[in-house]
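Participant: What follows is a predicted protein model with its sequence.
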Amino acid sequence: MKMIIIFYITFTCGFLENVISNVNPLPYEAIFNFGDSISDTGNDATYYPPMDGDSPYGSTYFKHPSGRMSNGRLIIDFIAEAYGLPMLPAYLNLTKGQDIRQGVNFAFAGATALNMDYFIQKKLIPPLTNISLSVQLDWFKKLKPSLCKNKQECDNYFRSSLFLVGEIGGNDINALILSYKNIAELREIVPLIIEEIINVTT
Ligand SMILES: *[C@@H]1O[C@H](CO)[C@@H](O)[C@H](O)[C@H]1NC(C)=O
C-alpha cells in the first residue's frame with residue numbers, strides 16, 4: 001500500500017513536471033512590461049540608487065542587489081523564462097547599443113496609474129514618484145524607433161510581442177489611504193484607475 005502511494009506521488013509529480021517543462025512556448029519575440037514595484041527589474045533602483053543597507057535584495061537568486069523589490073525573482077522574470085526570453089532589462093538601465101529586441105521593462109517601483117497632477121489637484125499625499133503609467137508609455141514611444149523601422153516591420157514585431165500593463169493602481173490607492181480617505185472615497189478612484197489602464201493599453 002505504502003509503495004503504491006509513493007509510486008503514485010512520484011508519478012504524479014513527474015507527470016506535472018513534464019507538463020510544465022514541455023509547455024510549448026508561444027512564439028513571442030519580445031516582452032514589454034509596464035507597472036510598479038511588483039514588476040520593476042531596476043528602473044527605480046537606477047533612478048534612486050539604493051543605499052548599501054538595501055541588501056538583501058536579490059540575495060536568494062541573483063546573489064547581488066538586482067534592482068528588484070524582492071530577495072529573488074519577480075513574476076515577470078518567471079514569465080520571461082517560461083517563454084525562453086532573457087529577463088527584461090530596465091529601460092533606465094539600458095546601455096548604448098544594447099540589444100533590446102527581446103523586450104524592455106518600463107515598470108517603476110511606486111508608480112501610479114494616474115498622473116501626479118491628479119494627486120496634487122485633489123490635495124492628496126503625493127505618490128513617491130511621478131513615473132506614472134502614461135510616463136512609462138512615453139518612454140516606450142521614445143524607444144520605438146530603435147525597435148523597428150517602418151510600419152510593416154513594427155506591426156509584425158509588435159504582433160508577436162507580449163505587452164503586460166500592470167499590476168498597477170495599488171499605489172494610487174495607497175496615496176488615498178495615506179491621506180486618510182475613507183472606503184467610499186477609495187471606491188471613487190477605481191474607475192479612474194481602470195480607465196487609465198485601458199487608455200494606455202489601447
Ligand atoms: C518628475 O519630477 C521631477 C522632479 O522631481 C522632474 O524633474 C521631472 O521632469 C518629472 N517628470 C515628469 C514626467 O513629470
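Facilitator: That came through, no problem.
Participant: Cys154 sits in which helix or strand?
Facilitator: Assigned by DSSP states H and E, Cys154 belongs to helix 151-159.
Participant: right, and the helix or strand after that helix?
Facilitator: Assigned by DSSP H and E, the successor of helix 151-159 is strand 161-165.
Participant: per-residue pLDDT, the residue most central in space within the chain?
Facilitator: Centroid-nearest residue in the chain, with C-alpha atoms, centre = their mean: Ser39, separated by 3.1 Å. We have a pLDDT of 97 for Ser39.
Participant: would it count as being in a helix?
Facilitator: No - counting by DSSP: H, G, I helix; E, B strand; the rest coil, Ser39 is not found in a helix; it is coil.
Participant: give the contact list for it.
Facilitator: Asn33, Leu74, Ile75, Ile76, Asn105, Ala107, Leu164, Glu167 (C-beta atoms under 8 Å, 6 or more residues apart in numbering). Placement of C-beta: from N, CA and C, glycine included.
Participant: Also Gly58?
Facilitator: With C-beta under 8 Å, 6+ apart, Gly58 has these contacts: His64, Pro65, Ser66, Gly67, Arg68, Ser70, Asn71, Gly72.
Participant: So it lies in a helix, does it not?
Facilitator: No - applying three-state DSSP, one finds Gly58 to be coil, outside a helix.
Participant: After the worst-scoring helix or strand of the chain on mean pLDDT, which helix or strand is next?
Facilitator: The weakest-scoring helix or strand in the chain, judged by mean pLDDT, DSSP states H and E, is helix 2-21 (a mean of 44). Sequence-wise, the next helix or strand downstream of helix 2-21 (DSSP H and E) is strand 30-34.
Participant: Paired strands for that next one, with orientation please.
Facilitator: strand 103-105 (parallel), strand 161-165 (parallel) (DSSP bridges).
Participant: re the thing from before, between the helix holding Cys154 and strand 30-34, how many degrees?
Facilitator: Per axes from the mean of the first three to the mean of the last three C-alpha atoms, to 10 degrees, the angle that helix 151-159 makes with strand 30-34 is 70 degrees.
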